[in-house]
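Undergrad: Provide a 3D model corresponding to the input given below.
(one chain, ligands or ions: 1)
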Amino acid sequence: MSAYKLVTNQTKELSRLVIHRLRPTNYEAVSVSSLHRTLDIPDDAGAPPVKLEHGGHIEFRNVAFAYEGHDPVLRGIDLHIQAGRTTAIVGVSGHGKSTMLNLIMRMAEVSDGAILIDGQDIRRVAQGDLRSQIAYVNQSFVTFPGTIYYNIAYGSVSRGELASKDEVVEAAKAVNLYDTIMERKDGFNAKLNRGGNSMSGGELQRMGIARALVRKSPILLLDEATAALDTATETKIMDYIRNSKDSRTTVIIAHRISTIMDADQIVVLDHGKVAELGTHSELVAKGGIYANMWVKTQISDVHFPSDEMDEAIAF
Ligand SMILES: Nc1ncnc2c1ncn2[C@@H]1O[C@H](COP(=O)(O)OP(=O)(O)OP(=O)(O)O)[C@@H](O)[C@H]1O
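TA: Below is the predicted model of the structure:
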């Protein structure tokens, strides 16, 4: 297959037009997985842009949250999410993990307490600017009609430029998608429709992460973003993110412990509270909720004997 030729001088004008055509609204600037959602929380008049002078340190200060008309989901969360590090949030389904990410993006307002990024209360800064600092990936990846290249490069629109061919290739390699793309007849120039035709769920999920990587935002939020991937691919992606030259504050929610066991800190959320906090080995040694999850993971990780077991047995 001939190497794809996309970003040339000739196509710079096209890139400019695409940026113009795809220029995101406030929310679209946040979500690299959803292109058509809007937000209706008003900004303060003259709210300033967020200043990331410490690399994107996120603090939950005594945060409580309840969806309107419902019991509290989060209760008194105090948490420091270190800049440039990976923090994982684990816990039983429905205990508030995704809600924490929604609050960081200010998709909803805290009911009590505050969330600060590099010391600034996120309610006091311009939402559009806050969101332009965040890449968010969940399990649904929205494709739009266009080439694979543009579908990945779209993540960079908030930077005011379209990601270069090299950036897109690097991101595709980081998520183990490069070879799969190049096996297609038109490679990165292969056209997708709105549903991501002929791509598997796992491929679309990797595209979603690639789109987030080219965004090069200081904060990366992953909500079960690798759930459809095999462990080896998932490990490769997590290693890339951890070792990337672009230092990012990464917050990851995952149900599989293998996804998050190398995180710098692991938060165990239980009924909307931080029940445990530490590294994998600290939490395993502690013998609490996380250690229990870890034991269950190992039990479910059944190892079949490698020798064939087809010898006939007399009954
Ligand atoms: N928009 C909403 N309105 C009302 N309740 C909601 C809303 N979104 C989530 N909830 C409820 O809030 C609680 C926390 O949900 P959340 O999605 O944060 O949990 P989670 O720990 O991420 O779960 P999972 O692991 O299943 O994704 C759940 O009881 C959920 O049903």
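
Undergrad: quick one, phi/psi of the closest residue to residue 169 other than its chain neighbours?
TA: Nearest-residue entry for residue 169: residue 178, 6.6 Å, with adjacent residues in sequence omitted and distances by Cβ to Cβ, 6 or more residues apart in numbering. From N, CA and C alone the C-beta is placed, and that goes for glycine too. The main-chain torsion angles of residue 178 are listed as degrees, to the nearest 10 and equal phi -60, psi -50.

Undergrad: what do you get for the one 5 residues further on?
TA: In this entry, residue 183 is assigned phi and psi values of phi -70, psi -20 (degrees, to the nearest 10).

Undergrad: Any idea how many residues pack against it?
TA: Residues contacting residue 183 under the criterion other Cβ atoms under 10 Å number 9.

Undergrad: re the thing from before, what confidence value was assigned to the residue nearest to residue 169?
TA: Note for residue 178: predicted pLDDT of 96.

Undergrad: Residue 248 too?
TA: For residue 248, the pLDDT comes out at 90.

Undergrad: Tell me who's in contact with residue 87.
TA: By Cβ atoms under 8 Å, 6 or more residues apart in numbering, the contact set of residue 87 is 81, 249, 250, 251, 252, 263, 264, 265, 266, 267.

Undergrad: Identify the farthest-apart pair in those residues.
TA: Checking the contacts of residue 87 against each other with Cβ to Cβ, the farthest-apart pair comes out as 249 and 266, at 15.3 Å.

Undergrad: Give me the more crowded residue out of those two.
TA: Just comparing residue 249 and residue 266: by other Cβ under 10 Å the higher neighbour count belongs to residue 249, 27 against 23.

Undergrad: Show me what the helix or strand encompassing residue 298 is packed against.
TA: Secondary structure here is read from DSSP states H and E; on that basis residue 298 sits in helix 289-300. With contacts defined as 3 or more Cβ pairs under 8 Å, 6 or more residues apart in numbering; DSSP states H and E, helix 289-300 has these neighbours: strand 86-91, helix 257-260, strand 265-270, strand 273-278, helix 280-286.

Undergrad: Which of the ones you listed has the lowest mean pLDDT?
TA: Here the lowest mean pLDDT among those goes to helix 257-260, at a mean of 88.

Undergrad: Which strands or helices does that helix pack on?
TA: Helix 257-260 sits against strand 86-91, helix 231-243, helix 289-300, with contacts defined as 3+ Cβ pairs under 8 Å, 6+ apart.

Undergrad: so where's the stretch 201-315 of the chain uncertain?
TA: Low-confidence regions of the stretch 201-315 of the chain, defined here as pLDDT under 70, cover residues 299-315.
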